[in-house]
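J.: could you work out the structure for the sequence below:
(4 chains)
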Amino acid sequence: MSTWLAIALILIGCSFFLAGTVGLLRFPDTHSRLHALTKADNLGLGFICAGLAVHDGSLTGTIHLLFVWALAMMAATVSAFLIARWADEEPEH
Amino acid sequence: MSLLSLIFDALLGLGLLWLAWRAVSSPGLFASVVLFMVFGFVMAITWARLGAPDLALAEAAISAGLTGALLLSACKAALTDTGNDNELPDEPSTVRRRWPAALICTGLGAVLSIVMIQVAANRAAVPPALAEAVTTHPLDNPITVMLLDLRGYDTLLEVTVLLTAFLGVRILLEQTELPRLHAPRATTPLMVDPLLAMATPVLLMTALYLFWTGMEAPGGAFQAGALLGALGVMYTLTGRFEPLDRTPVLLRLGLILGPGMFAIFACLALTWSEWPLAYPAGATGAAAVAIEFTLMISIAVTLTLLFSATPGLHARHMGVRHP
Amino acid sequence: MSGILAFSLTAGLLFALGLYGMLTRTGLIHRLLGANIMAAAVFLFLVVLSTRATEAGADPVPEVMVLTGIVISISLTAFGLVLIRYLRAMTGQATLPRSGREGDGHSGDD
Amino acid sequence: MLMAAVTALLFGPLLTGLVVYLLPSRRLRDIGPVVLAIGLLGPLWHLGTEVVGAGPLVLALGGHFAPLGIELHVDGLALAMLWLTGIVALAVNVYVSASLPVDAHFPATGFRALWLILWSGLNALFMAADLFNIYVMLELTALAAVSLVVVSRGPEAVSAATRYFLFALAGSLFYLLGVALVYGQTGLLSLRVLETSSWGGPVSLLALGLMTGGLAMKAALFPVHAWLPRAHAVAPSAASAALSALVAMAGAYLIIRLWLGPFAGHWPQALAQGMAALGTAGIVYGSIQALRQSRLKLVIAYSTVAQLGYLLLIFPIASLLAWQGVVYHALSHGLAKAAFFLAAGNIIHLLGNDRLTSLSRRDHRLAGSVMVMALSGISLSGLPPSGGFLGKWWLINAALESGQWWWALAAAAGGLLAAAYVFRVLRHALAEPHPDAARDAPIADNLPRRMFWPPMLLALGAVALGFAGQLLSPVIRIGLPTGVGG
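T.: Numbers count the residues shown, from 1 in each chain, chains lettered A, B, ... in the order given. Predicted structure coming up:
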């Protein structure tokens, strides 16, 4: 049961990554690309971490994975902010 | 399952080849650098896949991460040095001697891959003497046993190589006025302070954890030093470390601490043993921790300085970020 | 394990690719990238060697060679990048001038 | 005591370099290395008596013998190279203490620290007996050597250094790949264990090819020599002396070690003939280029390309006599070449440039340096009674004994060519004053004694080696490698 749940969660996560990548490639300007990317980063990684936590089943593993997700979100937030600000300053990009 | 893993391996291998090919053949400098960084991360995944977490960690931190940062700052240097704001100078993309080189490399690649497949297929086991030496050693992690004791001499020389690279860079910087790469900014962007405020303790903790755990599990001075170096790089990039024209004595001490203490230890070993570099009986663990700690400091300091491409750094308004 | 075959093949080809970059590119940073790819290829092969003896645990010797090699490789890269900057500052070029009579660089490989 | 001697040789220069870097006082960095160089003659003497008395030494660092740990070996050849390093380093240290510019832009501390690290690396390299350890050492010496080249400012120095860097980088990667193949095939890194274990076949040949190619790039053997002339010509003369006499030599030394040690018997005779043919091509090419240069230091640097070619003649002959000849050649070349470069440094010190035409000035201040060049030229061109003569004589006899007269011819022709380029330099020095030379006045009035005596003594040493053949030939036969019947 938990295996199937894990697979389902990871697949959902992967689909977010896929959508994010398609968005990154297809969207016209920096802001909308960032929008697509953050979906992949936050939700995609979140679902994959959740799936792995279910698969792993241990408490320490879950905490580790939670850490991974939180740190990645933190870095993503700041870098997305910096990129967006740079895009505002240089409108031709 | 094995078909699946075969497909996965093939995808990784092809991905590596494709990225490497694009990195060496793509005309733009920036594109090549980014492709190389991706190459580094795929390489780290490959090593993890091969069951070498130690190495994957080092590859991700040092090779992909720090080399990537170095290369990106080389792109930035190409901008600053030419006084050009936005556009990378024409990185000469001319390709010469394409056909002879292609012929040589195809031949070499073919011969190498055939021979390497053959060699790797030898089912060599770890020699029993080595396995025994590693398992009976006072230190628990086989890699640490090799790095600090059995092949400690190589490690000593390797940190000396790192120091020598800095000394060489130092000579270059003394020869000419290269524009500063990471000039301090008047304002720091809004989100950077909170990120650093959170990242600093996390990175410090992780580095110390890696250092400590290196005694029995994957990790060690190198990974920890690289992480601390990464922290230093972040501080340099955000202007918390300011470039200097000279190397203050404390930094010099930090630079030579690792190779210096290791070399002194190697000589002192003659007082308690017949051989240089031998560990004192009964105090192996303590000596190893002490050496690893000095190595970690030196690696962190040297990597930070190498990245900043300045003779020295000093801290600016530490702790008063929110007046 | 399929990885041993696949990745030794990859390592051999990567070495040749890196060399190709080093031989054909004139831009020095590109050549340095080529050298880094060659180094990565050798390290990959060493990792493969370390994991082939999996019954008795991985062979620590190649692993240590890789760890040492990585640190050496980043030292050289860092030095090389500053050297290239310095060359550009001195000559205005990011390439080596073609050496005159003595013939050019990397003709013989082995 | 023996261990202390080896430890001092390995770590003495390194630790001194670190101290000089940490506490950059002028006195410390000028006097420290000289005192160290004199002090290290003691350990060298002790090591020498030990090796002569008890045969080749095997030392285990950390007490771990191969295949567990890293070993160091000192046989006759290694001992000879260690002595050469010690003597050249002494001369260089004394010379440097007087010759380096005192202006604020000169990176005096960095130069000293890098040179001391290089010195440690060379001592370690000549004792090294572990394939991977050699790789680390090669990178260490290359990085220090490139940095020493770049100390000379200016576009010419930096492009020479960059070319040197790229060759060194590629070379060490080829070498490392060869090491990986050897390890994959045998699970061994120790030269000693490899020499006694039975292996071979195509993998060994490929590994040997890769390692030889890589080392050849480091040693600037023809046809991968392109970096050497400019780099050695542009470096500060004291550094050039060490680079030509020791660093480039170290690459060739390792090729000889590998071919005649662990890989002995793995290569077909045709390959050995090919190597010697490359060596001969190097002798001819380097000499002809030396004849065409108009700057003194370029003549000397091309001469290094030529002289290193001799070392490859050992492979097709591979007899005891040839071994003696090659080792003797390496020793006398080291002394003569270091003397030659230091003399060139003196001329630059006096005249401000090293154009050959500037030498034609009948100036008594140049006389000493011209004398040094004549003495080392005698050894380089193999005229009796010098060390170079003895080395070539043994080599030629060995070639004739083995019935391969063409290599004897190559060695003899190389001597003639060397005489030609040496006499070309001397002709300029002894000729009627040249109108160009009269134009630019000397920039210095006198030569400090600390700059005069080191090259003079080295050159005299190169000549005196010719008289020491009986004494030294038993020493360099200690611990012969398998390839020459050890």
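
J.: so who does residue B:233 touch?
T.: Residue B:233 makes contact with B:66, B:69, B:303, B:304, B:307, B:308, according to C-beta atoms under 8 Å, 6 or more residues apart in numbering or on different chains. Placement of C-beta: from N, CA and C, glycine included.

J.: can you narrow those down to the ones near chain C?
T.: Among the contacts of residue B:233, the ones lying near chain C by C-beta under 8 Å from any C-beta of the partner chain are B:66, B:303, B:307.

J.: nearest residue to the second one other than its sequence neighbours?
T.: Okay, so that is residue B:303. Leaving aside its sequence neighbours, residue B:303 sits nearest to residue B:229 (C-beta to C-beta, 6 or more residues apart in numbering or on different chains; 3.1 Å).

J.: which elements pack onto the helix or strand harbouring residue A:74?
T.: According to DSSP states H and E, residue A:74 maps onto helix A:59-89. Judged by 3 or more C-beta pairs under 8 Å, 6 or more residues apart in numbering or on different chains; DSSP states H and E, the packing partners of helix A:59-89 are helix A:30-38, helix A:45-56, helix B:192-213.

J.: run the angle between that helix and helix A:45-56 for me.
T.: Helix A:59-89 runs at 170 degrees relative to helix A:45-56, counting by axes from the mean of the first three to the mean of the last three C-alpha atoms, to 10 degrees.

J.: name the residues of helix A:59-89 that are buried.
T.: Across helix A:59-89, burial judged by 16 or more other C-beta atoms under 10 Å in any protein chain shown covers A:62, A:65, A:69, A:74, A:76, A:77, A:78, A:80, A:81, A:83, A:87.

J.: over to stretch D:311-320?
T.: Result for stretch D:311-320 [16+ other C-beta under 10 Å]: buried residues D:311, D:312, D:313, D:314, D:315, D:316, D:317, D:318, D:319.

J.: what parts of the stretch 51-200 of chain D come near chain B?
T.: D:59-64, D:67-70, D:105, D:107, D:110-111, D:113-114, D:117, D:121, D:124, D:132-133, D:136-137, D:139-140, D:143-144, D:146-147, D:150-151, D:153, D:177, D:181, D:184-185, D:187.

J.: among the residues you listed, name the buried ones.
T.: The neighbour count (16+ other C-beta under 10 Å) marks D:59-64, D:67-70, D:107, D:110-111, D:113-114, D:117, D:121, D:124, D:132-133, D:136-137, D:139-140, D:143-144, D:146-147, D:150-151, D:153, D:177, D:181, D:184-185, D:187 as buried among these.

J.: just the strands in chain C please.
T.: Taking DSSP state E, chain C contains no strands at all.

J.: what is the longest helix of it by residue count?
T.: In chain C, assigned by DSSP state H, the helix with the most residues is helix C:60-91.

J.: does stretch A:34-42 reach chain B?
T.: No. Applying C-beta under 8 Å from any C-beta, one finds stretch A:34-42 separated from chain B by no less than 13.8 Å.

J.: now tell me what touches that stretch from outside.
T.: A:16-17, A:19-24, A:27, A:72-73, A:76, A:80, A:83-84.

J.: at 7 Å what do you get?
T.: If you take C-beta atoms under 7 Å, 6 or more residues apart in numbering or on different chains as the criterion, stretch A:34-42 is touched by A:16-17, A:19-21, A:23-24, A:27, A:72-73, A:76, A:80, A:83-84.

J.: likewise stretch D:1-20?
T.: B:160, B:256, B:259-260, B:263, B:266-267, B:270, B:274-276, D:28-29, D:32-33, D:36, D:40, D:43, D:46-47, D:50, D:59, D:72, D:82, D:109, D:112-113, D:116-117, D:119-120, D:123-124.

J.: and the ones next to chain C among the contacts of residue B:233 as TSV, adding neighbour count and secondary structure?
T.: Compiled in TSV, the ones next to chain C among the contacts of residue B:233 are given as follows (neighbours: other C-beta atoms under 10 Å in any protein chain shown; DSSP: H, G, I helix; E, B strand; the rest coil):
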residue	neighbour count	secondary structure
B:66	25	helix
B:303	29	helix
B:307	23	helix
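
J.: let me know the closest of those to chain C.
T.: residue B:66 (6.0 Å; C-beta to the nearest C-beta).

J.: dump the residue contacts of that closest one.
T.: B:226, B:229, B:230, B:303, B:307, C:74.

J.: just want the residue of the stretch 51-200 of chain D that's nearest chain A.
T.: residue D:169 (32.6 Å).

J.: excluding chain neighbours, give the residue nearest to that residue in space.
T.: residue C:35 (4.9 Å).

J.: what separates the one you found from residue C:41, distance-wise?
T.: 11 Å (C-beta to C-beta, to the nearest Å).

J.: which one's more surrounded, these two?
T.: residue C:41 (29 against 24; other C-beta atoms under 10 Å in any protein chain shown).

J.: residues of the stretch 1-150 of chain D that sit close to chain C?
T.: Selection of the stretch 1-150 of chain D residues close to chain C by C-beta under 7 Å from any C-beta of the partner chain yields D:132, D:136, D:139, D:143.

J.: out of these, who's nearest residue D:370?
T.: Taking C-beta to C-beta as the measure, residue D:143 is the one of the residues of the stretch 1-150 of chain D next to chain C closest to residue D:370, at 35.6 Å.

J.: show me what contacts the closest one?
T.: B:161, B:164, B:165, B:168, C:76, C:79.

J.: now name the helix or strand holding it.
T.: helix D:131-150.

J.: in terms of secondary structure, what does the next helix or strand after that helix contact?
T.: Counting by DSSP H and E, the element after helix D:131-150 in chain order, helix or strand, is helix D:155-186. If you count contacts as 3 or more C-beta pairs under 7 Å, 6 or more residues apart in numbering or on different chains; DSSP states H and E, helix D:155-186 packs onto helix B:98-121, helix C:28-51, helix C:60-91, helix D:131-150, helix D:202-219, helix D:228-234.
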